[in-house]
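Novice: Sharing a sequence plus its predicted fold:
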Amino acid sequence: MDVLFLSISIDPNEDDPETLALFRSFGDNDWKGWLHLTGDFDEIETLRWVLGAYDLDPELDSDKTEHAGNVTFGNDNTNWWAAVPALIAPEEVADAIVRIAGNPVKQPR
């Protein structure tokens with residue numbers, strides 16, 4: 001099973017490529033297979049909505065401090081997607097990913 005982690009900034013004005021590179025330089029982490037991305041604000045907003053990473057209350061949604069860290073993941077072959085809170089135990093995140101990524105059943109699009 002191939003796994004690729006993508007961290008996508010919701011604030012591209014603050015999180016430019018240089019800032020993300022600085023973040024990656026902290027600690028002795030092996031970032032292989034993990035990309036830290038930024039881009040055009042409107043495109044990131046579209047992606048955020050497609051992934052369901054928004055609050056239905058526009059006031060809460062516009063407050064960046066209300067954006068809890070979530071791990072959104074999926075199996076591109078089956079079109080199964082899910083999300084879990086980023087701060088749960090790593091084993092629980094891994095179990096959820098394996099349940100989705102390891103499922104061979106093709107879902108209708």
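Specialist: Looks like it came in fine.

Novice: Domain boundaries for this structure, per the record?
Specialist: Listed by automatic domain parsing, the domain ranges of the chain are 1-67, 68-109.

Novice: could I get those domains as a markdown table with mean pLDDT and mean neighbour count?
Specialist: No exception for glycine: its C-beta is placed from N, CA and C like everyone else's. Output for these, formatted as a markdown table (pLDDT from 0 to 100; neighbours: other Cβ atoms under 10 Å):
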| stretch | mean pLDDT | mean neighbour count |
| --- | --- | --- |
| domain 1-67 | 83 | 12 |
| domain 68-109 | 80 | 12 |
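
Novice: need the helices for the protein, in chain order.
Specialist: 17-25, 41-50, 58-62, 90-101 (DSSP state H).

Novice: So which other helices or strands are in contact with the first one?
Specialist: In other words, helix 17-25. Packing partners of helix 17-25 (3 or more Cβ pairs under 8 Å, 6 or more residues apart in numbering; DSSP states H and E): strand 34-37.

Novice: How far does the strand it packs on sit from its chain's centre?
Specialist: 10 Å (Cα atoms, centre = their mean, to the nearest Å).

Novice: Which elements pack onto it?
Specialist: strand 5-8, helix 17-25.
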